[in-house]
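*Asks:* Pasting the sequence and the predicted model now:
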Amino acid sequence: MSQWLLEFKDVYYTYPGTNRPAIASLTLRLPIGKRIALIGQNGCGKTTLFLLANGLYKPQQGRICWKSDRINYNRQSLIQLRQQVGLVFQHPEQQLIASTVEEDISYGLCNLELDEKTIAQRIEQVLEEFGLTSLATKPIHQLSLGQKKRVSLADVMVLQPELLLLDEPTAYLDPLHTRQLAQLLQTIHANGTTILMATHDLDWVYRWADWVLVLDRGQLFLEGTPQDVFSKQEVMEKLQLGVPLAFELLSLIEEMEPQLSQSRTQDLVDAIAQLKNKIQQKLV
Ligand SMILES: Nc1ncnc2c1ncn2[C@@H]1O[C@H](COP(=O)(O)OP(=O)(O)OP(=O)(O)O)[C@@H](O)[C@H]1O
Ligand SMILES: [Mg+2]
């Protein structure tokens, strides 16, 4: 079996009415079982890449393969692909369509030809896992943004996808809900789902990801472990992305204290992230 879940091979995508491709000559592979971060400036093509990845958009050139097979764009194949490649949109309004939480979560399951008992069990389990049981019958429009985001994630996870695509999931979340999201993602990943997350939060990337893809003007510019990618500080500055504060501080500390153990390093990264949250809270 291939060690790659999804592969883009020399893919181009240009939006109708525009003359510059949003995705250009894009070649990348997503390794199975990883926590992958997708970073890049506003407009570099992250969201477009996601929409291509689950077949909502079709490339004008190039190939996209799911587990070595080229994506087929007929209706039945797309339903199957979207069950395996779950996309959580940046804005819950783009995703939530039913009137209550429970109805919304059950929506995607109707396409899977499951019996009613299995459907009911899956919904109950997901409501519980995502802390949504008490909100099950609540109208979607009465939920807070953080709750809506949780429902969007539950909507996708109820289908038990192999690849989870998250478009800036921490945007507008407060520190408590960001931590809760981190815990949820930890469980989702531990249960075997590969995760690809677009984010501008480099400190999150540094703590969370085990592989990083850097996109620039629709192309893969750089990839590697967070350590490798952020070590290329000059390149990252040139792309106007910079490096995480925690990485910069740690590099300084390591210079001063070369004997620092791995576990102490991790403690420091966590402490720096908490400190940064506290500073941000004070600023708003
Ligand atoms: N519906 C659309 N019609 C025309 N052009 C679009 C459309 N959506 C996106 N684009 C263009 O495609 C390019 C890539 O946009 P995309 O939304 O994929 O970037 P992004 O990396 O997700 O940005 P951000 O970090 O701001 O979310 C941009 O130049 C954008 O202006
Ligand atoms: Mg985007």
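*Replies:* In hand now; what should we look at? Ligands and ions are numbered 1, 2, ... in the order given.
*Asks:* can you pull out the helices in the stretch 51-200 of the chain?
*Replies:* Using DSSP state H, counting those that start in this stretch, the helices found in the stretch 51-200 of the chain span residues 75-84, 101-107, 116-129, 145-157, 175-190.
*Asks:* Quick one: closest of those to ligand 1.
*Replies:* Of all the helices of the stretch 51-200 of the chain, it is helix 145-157 that lies closest to ligand 1, at 15.7 Å by CB to the nearest ligand atom. (Each C-beta comes from the backbone N, C-alpha and C, glycine too.)
*Asks:* Show me which parts of that closest one are buried, residue by residue.
*Replies:* For helix 145-157, burial by neighbour count (16 or more other CB atoms under 10 Å) applies to 146-157.
*Asks:* just the CA coordinates of that helix, formatted as CSV?
*Replies:* What follows is helix 145-157, C-alpha atoms only, in CSV (Å, rounded to 0.1, in the frame of the first residue of the first chain):
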residue,chain,number,x,y,z
LEU,A,145,-18.7,30.8,17.2
GLY,A,146,-16.6,28.3,19.2
GLN,A,147,-19.6,25.9,19.4
LYS,A,148,-20.3,26.3,15.7
LYS,A,149,-16.7,25.4,15.0
ARG,A,150,-17.1,22.3,17.2
VAL,A,151,-20.2,21.3,15.3
SER,A,152,-18.4,21.7,11.9
LEU,A,153,-15.7,19.4,13.1
ALA,A,154,-18.3,16.9,14.5
ASP,A,155,-20.1,17.0,11.1
VAL,A,156,-17.0,15.8,9.4
MET,A,157,-15.7,13.3,12.0
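*Asks:* In terms of secondary structure, what does it contact?
*Replies:* With contacts defined as 3 or more CB pairs under 8 Å, 6 or more residues apart in numbering; DSSP states H and E, helix 145-157 has these neighbours: strand 85-88, helix 101-107, helix 116-129, strand 163-167, helix 175-190.
*Asks:* Output the ones you listed in a markdown table; the columns should cover distance to residue 223, mean pLDDT and mean neighbour count.
*Replies:* Below are these laid out as a markdown table (distance: least, CB to CB, whole Å; pLDDT from 0 to 100; neighbours: other CB atoms under 10 Å):
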| stretch | distance to residue 223 | mean pLDDT | mean neighbour count |
| --- | --- | --- | --- |
| strand 85-88 | 20 | 97 | 23 |
| helix 101-107 | 34 | 93 | 21 |
| helix 116-129 | 31 | 93 | 14 |
| strand 163-167 | 17 | 98 | 24 |
| helix 175-190 | 19 | 90 | 15 |
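*Asks:* possible to save the ones you listed as a markdown table with distance to residue 71?
*Replies:* Formatted as a markdown table, the helices and strands packed on helix 145-157 follow (distance: least, CB to CB, whole Å):
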| stretch | distance to residue 71 |
| --- | --- |
| strand 85-88 | 9 |
| helix 101-107 | 23 |
| helix 116-129 | 26 |
| strand 163-167 | 13 |
| helix 175-190 | 23 |
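*Asks:* out of the helices of the stretch 51-200 of the chain, which comes closest to residue 168?
*Replies:* With CB to CB, the closest approach to residue 168 among the helices of the stretch 51-200 of the chain belongs to helix 145-157: 10.2 Å.
*Asks:* That closest one vs strand 163-167, what angle?
*Replies:* For helix 145-157 against strand 163-167, the angle by axes from the mean of the first three to the mean of the last three CA atoms, to 10 degrees is 150 degrees.
*Asks:* that older thread, so which of the helices and strands packed on helix 145-157 comes closest to residue 252?
*Replies:* helix 175-190 (24.6 Å).
*Asks:* ok, residues contacting the closest one?
*Replies:* By CB atoms under 8 Å, 6 or more residues apart in numbering, the list of residues contacting helix 175-190 from outside reads 35, 129-131, 146, 149-150, 153, 157, 164, 166, 169-170, 173, 195, 204, 208, 277, 280-281.
*Asks:* Likewise for stretch 44-64?
*Replies:* When contacts are defined by CB under 8 Å, 6+ apart, stretch 44-64 is touched by residues 6-15, 22-23, 25-26, 38-40, 70-71, 73, 77-78, 81-82, 85-87, 90, 163, 165, 167, 196, 198, 215-218.
*Asks:* circling back: quick one, which of the helices and strands packed on helix 145-157 gets closest to residue 234.
*Replies:* Closest to residue 234 of the helices and strands packed on helix 145-157, according to CB to CB: strand 163-167, at 28.5 Å.
*Asks:* With just CA atoms, put that closest one into CSV.
*Replies:* The C-alpha trace of strand 163-167 is given here as CSV (Å, rounded to 0.1, in the frame of the first residue of the first chain):
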residue,chain,number,x,y,z
LEU,A,163,-7.8,12.5,6.1
LEU,A,164,-9.1,15.6,8.0
LEU,A,165,-8.5,19.0,6.3
LEU,A,166,-8.9,21.9,8.7
ASP,A,167,-8.9,25.5,7.3
